[in-house]
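Asks: Sequence and predicted structure below; questions after.
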Amino acid sequence: MEKIASFQVDHIRLLPGLYVSRQDKFGDTILTTFDMRFKQPNKEPVIDMPALHTIEHLGATFLRSHKEWANKTVYFGPMGCRTGFYVILEGKRSSVEVLPLIVELMDWIQAFEGDIPGAAPGECGNYSEQNLNMAKWEAARYGALLKKAGKENLNYPA
C-alpha cells in the first residue's frame, strides 16, 4: 500500500504556518493544496468544533467571494485532526504567494459581525454548532503568526 504524503510530514517538528502540502496535475491544470496549520500538532489543544465549523463557513464564504481568488478557489475545509485547514487553489502556487490572501482572510474573520453565512437549518447539517467569538480568537492568533512568519512557518521541516 502506498504511503500518503501528508503522513510523511514530520508532525513532531511541524510548527504552525502555511505550507504547500501537494501539487497535483489534472490535464493542463495544476492544483495546489495548502496546509493552513493553526496549531502545533500533538503539543497544543486542537481547535474546538464550534470555532472550527465557524471558520469553515467564513473561510469558504470569503474565498469563494474574493474578487481575485474566487475563480481559483477549489476547496476550503478543516483537517480531521482539528489542527488547521486545507485550501486548494488553482495554479502552481507558493506559500509566499498566497500568504497575503490568508492574512486577509484572518483579518476578515476577526472583523466579521452578523449572521454566520450558511448557518441555517436549510443550509447546513449542523447549523447550530458555531462559535464566532472563538473563531475570531483563533483567526487573530493565526493571523498574527502569519504576519511575522519565517521560513520555518512556510516550508515543511526537512
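Replies: Yes, it's here.

Asks: Excluding residues flanking it in the chain, which one is nearest Glu44?
Replies: Once flanking residues are discounted, Glu44 sits nearest to Thr83: 7.7 Å by Cβ to Cβ, 6 or more residues apart in numbering. Any C-beta I mention is one placed from the backbone N, CA and C, and that applies to glycine too.

Asks: I meant Leu154, not that one.
Replies: In space, and not counting its chain neighbours, Leu154 is closest to Ser95: 4.2 Å by Cβ to Cβ, 6+ apart.

Asks: Can you give me the neighbour number for that neighbour?
Replies: By the criterion of other Cβ atoms under 10 Å, Ser95 has 22 neighbours.

Asks: how close does it get to Thr33?
Replies: To Thr33, Ser95 is 12 Å away according to Cβ to Cβ, to the nearest Å.

Asks: For those two, list the residues in contact with both.
Replies: Here Ser95 and Thr33 share the contacting residues Val20, scored by Cβ atoms under 8 Å, 6 or more residues apart in numbering.

Asks: and the helix or strand hosting Glu104, what does it pack onto?
Replies: Remark: Glu104 resides in helix 95-111, with elements defined by DSSP states H and E. Judged by 3 or more Cβ pairs under 8 Å, 6 or more residues apart in numbering; DSSP states H and E, the packing partners of helix 95-111 are strand 17-26, strand 29-37, helix 49-65, strand 84-90, helix 132-147.
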